[in-house]
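Engineer: Fold the following, please.
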Amino acid sequence: MDDFLRHIYTDILDHLEIKDPEYGENLRYAALQYDTLLQTLTPEQASHLRDYQGMTALAGQRKEEAVFRSAFQAGLYLGSLARPPYTRRSL
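Structural biologist: Got it, this is the predicted structure:
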């Protein structure tokens, strides 16, 4: 992602507000389940799980960025359709 799009993407994420109470509840529940699971694993297993989760999070981030780029490009295209076509002025 180029610097311009990354700046817009980061700014949007910084100001993102998810007001759905279920979203926060699901995040807390998932964190609790993850912590409980880690306590049942050996240190080596826990390390593998953390590595897996890190790679999964990175893949999810890349997917979100790709969706953002696609939506941004679609918005630019749709915006260009709303503009009147370029006409040359006669001299």
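Engineer: List the contacts of stretch 45-65.
Structural biologist: 1, 9, 34, 37-38, 41 (Cβ atoms under 8 Å, 6 or more residues apart in numbering). (Glycine included, C-beta is placed from N, CA and C.)
Engineer: Now which of those residues would you call buried?
Structural biologist: Tyr9 (16 or more other Cβ atoms under 10 Å).
Engineer: Now, the contacts of stretch 45-65 that are in helices?
Structural biologist: 9, 34, 37-38 (DSSP state H).
Engineer: Any idea which of those residues the model trusts least?
Structural biologist: Note: of these, the lowest pLDDT belongs to Tyr9, at 89.
Engineer: Which residue, neighbours along the chain excluded, lies closest to that one?
Structural biologist: Closest residue to Tyr9 apart from its sequence neighbours, by Cβ to Cβ, 6 or more residues apart in numbering: Phe68 at 5.3 Å.
Engineer: Just the buried residues of the helix or strand harbouring that neighbour, please?
Structural biologist: Secondary structure from DSSP states H and E places Phe68 in helix 43-82. With burial defined by 16+ other Cβ under 10 Å, the residues of helix 43-82 counted as buried are Phe68.
Engineer: can you give me how far that helix is from the chain middle?
Structural biologist: 5 Å (Cα atoms, centre = their mean, to the nearest Å).
Engineer: What's the separation between the residue most central in space within the chain and Ala31?
Structural biologist: Nearest residue to the geometric centre of the chain (Cα atoms, centre = their mean): Glu64, 3.4 Å. Using Cβ to Cβ, to the nearest Å, one obtains 20 Å as the distance from Glu64 to Ala31.
Engineer: If anything else comes up later, I'll come back, but that's it for now.
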